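*Asks:* Sequence below, structure please.
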Amino acid sequence: MSAMVWRVCALCDKTISGTVGGTLVFGLCATCLPEAYEYPVQTLDGLTADQLDALPYGVIRLDGANRVVEYNRAESALSRRGREDVLGRDFFRDVAPCTNVHELAGWLDDQRTLGVSEATRLEFVFVFPFGREVVELALAYDAATRLATLLVRARDRRASTPA
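*Replies:* Numbers count the residues shown, from 1 in each chain. Below you'll find the predicted structure:
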(Lines give C-alpha, C1' and ligand atoms only; values in the text may rest on other atoms or scores of the structure.)
Protein backbone atom coordinates (compact mmCIF):
# COMPACT_ATOMS: atom_id res chain seq x y z
CA MET A 1 0.00 0.00 0.00
CA SER A 2 1.34 3.44 -0.98
CA ALA A 3 1.43 6.24 1.54
CA MET A 4 -0.34 9.52 0.90
CA VAL A 5 2.18 12.26 0.11
CA TRP A 6 1.22 15.88 0.49
CA ARG A 7 2.56 18.70 -1.63
CA VAL A 8 3.43 21.46 0.82
CA CYS A 9 4.24 25.14 0.20
CA ALA A 10 7.94 25.68 0.84
CA LEU A 11 7.27 29.08 2.47
CA CYS A 12 4.18 28.64 4.64
CA ASP A 13 3.81 24.83 4.87
CA LYS A 14 0.22 25.07 3.61
CA THR A 15 -0.97 21.87 1.94
CA ILE A 16 -1.20 22.37 -1.81
CA SER A 17 -2.45 18.92 -2.86
CA GLY A 18 -2.22 15.28 -1.96
CA THR A 19 -0.83 12.55 -4.17
CA VAL A 20 0.02 8.90 -3.88
CA GLY A 21 3.74 8.42 -4.25
CA GLY A 22 7.10 8.05 -2.61
CA THR A 23 8.51 11.40 -1.50
CA LEU A 24 7.47 14.74 -0.07
CA VAL A 25 7.67 17.52 -2.65
CA PHE A 26 7.60 21.27 -2.22
CA GLY A 27 6.28 24.13 -4.31
CA LEU A 28 4.62 27.45 -3.62
CA CYS A 29 0.96 28.07 -2.94
CA ALA A 30 -0.94 30.85 -4.72
CA THR A 31 -0.81 32.93 -1.52
CA CYS A 32 3.00 32.87 -1.28
CA LEU A 33 3.67 33.04 -5.01
CA PRO A 34 3.47 36.86 -5.24
CA GLU A 35 6.04 37.17 -2.45
CA ALA A 36 8.64 35.04 -4.22
CA TYR A 37 10.18 35.93 -7.53
CA GLU A 38 12.54 32.94 -7.27
CA TYR A 39 10.52 29.85 -8.14
CA PRO A 40 10.10 27.27 -10.86
CA VAL A 41 8.03 28.71 -13.70
CA GLN A 42 6.05 25.45 -13.71
CA THR A 43 4.48 26.79 -10.51
CA LEU A 44 2.41 29.03 -12.83
CA ASP A 45 0.86 26.04 -14.59
CA GLY A 46 -2.76 25.73 -13.67
CA LEU A 47 -3.16 29.25 -12.29
CA THR A 48 -6.31 30.95 -13.45
CA ALA A 49 -6.25 34.28 -15.30
CA ASP A 50 -7.37 35.97 -12.06
CA GLN A 51 -4.49 34.39 -10.12
CA LEU A 52 -1.99 35.48 -12.80
CA ASP A 53 -3.47 38.97 -12.64
CA ALA A 54 -2.94 39.04 -8.87
CA LEU A 55 0.84 38.62 -9.26
CA PRO A 56 2.84 41.83 -8.71
CA TYR A 57 5.06 41.26 -11.75
CA GLY A 58 4.49 40.69 -15.44
CA VAL A 59 3.80 37.27 -16.89
CA ILE A 60 4.07 36.71 -20.64
CA ARG A 61 3.69 33.26 -22.13
CA LEU A 62 4.61 32.47 -25.74
CA ASP A 63 3.65 29.49 -27.86
CA GLY A 64 5.99 27.66 -30.23
CA ALA A 65 5.58 30.38 -32.88
CA ASN A 66 6.35 33.19 -30.37
CA ARG A 67 2.70 34.28 -30.25
CA VAL A 68 1.55 35.73 -26.93
CA VAL A 69 -0.91 33.33 -25.28
CA GLU A 70 -0.93 34.83 -21.77
CA TYR A 71 -0.36 38.42 -20.68
CA ASN A 72 -1.25 39.43 -17.16
CA ARG A 73 -2.42 42.71 -15.64
CA ALA A 74 0.97 43.71 -14.18
CA GLU A 75 2.64 43.37 -17.59
CA SER A 76 -0.16 45.33 -19.20
CA ALA A 77 0.39 48.14 -16.68
CA LEU A 78 4.18 48.12 -17.15
CA SER A 79 3.99 48.17 -20.96
CA ARG A 80 0.85 50.33 -21.09
CA ARG A 81 -0.59 47.88 -23.63
CA GLY A 82 -3.87 46.07 -23.20
CA ARG A 83 -4.18 42.32 -23.52
CA GLU A 84 -6.31 42.76 -26.61
CA ASP A 85 -3.35 44.52 -28.28
CA VAL A 86 -0.88 41.68 -27.73
CA LEU A 87 -2.66 38.32 -27.48
CA GLY A 88 -2.05 36.22 -30.58
CA ARG A 89 0.69 38.51 -31.90
CA ASP A 90 4.36 37.66 -32.44
CA PHE A 91 6.11 38.90 -29.31
CA PHE A 92 9.55 39.53 -30.82
CA ARG A 93 8.33 41.10 -34.06
CA ASP A 94 5.05 42.88 -33.24
CA VAL A 95 4.83 43.39 -29.46
CA ALA A 96 8.35 44.06 -28.18
CA PRO A 97 10.84 44.34 -31.06
CA CYS A 98 13.50 45.58 -28.61
CA THR A 99 13.61 41.99 -27.28
CA ASN A 100 14.52 40.52 -30.66
CA VAL A 101 18.16 40.16 -29.59
CA HIS A 102 20.35 37.13 -28.89
CA GLU A 103 19.91 37.39 -25.09
CA LEU A 104 16.16 36.82 -25.43
CA ALA A 105 14.91 35.66 -28.84
CA GLY A 106 18.22 33.96 -29.59
CA TRP A 107 18.25 32.21 -26.22
CA LEU A 108 14.75 30.88 -26.83
CA ASP A 109 15.65 29.74 -30.36
CA ASP A 110 18.65 27.88 -28.93
CA GLN A 111 16.49 26.07 -26.36
CA ARG A 112 13.97 25.05 -29.00
CA THR A 113 16.75 23.79 -31.29
CA LEU A 114 18.34 21.81 -28.47
CA GLY A 115 14.95 20.58 -27.27
CA VAL A 116 15.78 21.20 -23.62
CA SER A 117 13.91 22.85 -20.78
CA GLU A 118 16.03 25.67 -19.41
CA ALA A 119 15.70 28.86 -17.41
CA THR A 120 17.82 32.00 -17.14
CA ARG A 121 17.69 35.43 -15.53
CA LEU A 122 18.97 38.78 -16.73
CA GLU A 123 18.52 42.50 -16.51
CA PHE A 124 17.16 44.12 -19.63
CA VAL A 125 16.09 47.56 -20.82
CA PHE A 126 12.68 47.59 -22.45
CA VAL A 127 12.29 50.49 -24.88
CA PHE A 128 8.72 51.75 -24.85
CA PRO A 129 7.24 54.68 -26.81
CA PHE A 130 6.96 56.52 -23.47
CA GLY A 131 10.50 55.76 -22.24
CA ARG A 132 12.88 53.05 -21.10
CA GLU A 133 12.35 50.64 -18.25
CA VAL A 134 15.08 48.59 -16.59
CA VAL A 135 13.61 45.21 -15.70
CA GLU A 136 14.63 41.89 -14.25
CA LEU A 137 13.62 39.03 -16.52
CA ALA A 138 13.22 35.39 -15.65
CA LEU A 139 12.99 33.34 -18.86
CA ALA A 140 11.99 29.71 -19.00
CA TYR A 141 11.39 27.29 -21.81
CA ASP A 142 9.46 24.06 -21.34
CA ALA A 143 10.38 21.58 -24.10
CA ALA A 144 7.39 19.34 -23.28
CA THR A 145 4.78 22.05 -23.84
CA ARG A 146 6.92 24.22 -26.18
CA LEU A 147 5.84 27.22 -24.09
CA ALA A 148 8.20 30.03 -23.13
CA THR A 149 7.48 32.11 -20.06
CA LEU A 150 8.87 35.55 -19.31
CA LEU A 151 8.49 37.02 -15.85
CA VAL A 152 9.05 40.77 -15.83
CA ARG A 153 9.70 42.91 -12.78
CA ALA A 154 10.64 46.59 -12.91
CA ARG A 155 14.02 46.82 -11.22
CA ASP A 156 13.56 50.36 -10.03
CA ARG A 157 10.87 52.69 -11.31
CA ARG A 158 13.12 55.60 -10.41
CA ALA A 159 15.68 54.30 -12.96
CA SER A 160 13.23 54.82 -15.82
CA THR A 161 14.38 57.40 -18.31
CA PRO A 162 12.76 59.04 -21.31
CA ALA A 163 13.60 57.48 -24.68
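*Asks:* would residue 126 count as being in a helix?
*Replies:* No. Secondary structure of residue 126 (DSSP: H, G, I helix; E, B strand; the rest coil): strand, not part of a helix.
*Asks:* Next one: the closest residue to residue 130 other than its chain neighbours relative to residue 133, how far apart?
*Replies:* Distances taken as Cβ to Cβ, 6 or more residues apart in numbering put residue 80 closest to residue 130, at 6.4 Å, once the chain neighbours are dropped. The way it works is simple: take the backbone N, C-alpha and C, and place the C-beta from them, glycine included. Residue 80 is 10 Å from residue 133, where distance means Cβ to Cβ, to the nearest Å.
*Asks:* Looks like the residue nearest to residue 130 contacts residue 128 (just checking).
*Replies:* Yes. At 6.9 Å, residue 80 counts as touching residue 128 under the criterion of Cβ atoms under 8 Å.
*Asks:* So between these two, which is more surrounded?
*Replies:* residue 128 (15 against 10; other Cβ atoms under 10 Å).
*Asks:* I'd like the distance between the more buried one and residue 79.
*Replies:* Taking Cβ to Cβ, one finds residue 128 at 7 Å from residue 79.
*Asks:* what do you get for residue 132?
*Replies:* For residue 132, the distance to residue 79 - Cβ to Cβ - is 12 Å.
*Asks:* shared neighbours of those two, which are they?
*Replies:* residue 126 (Cβ atoms under 8 Å, 6 or more residues apart in numbering).
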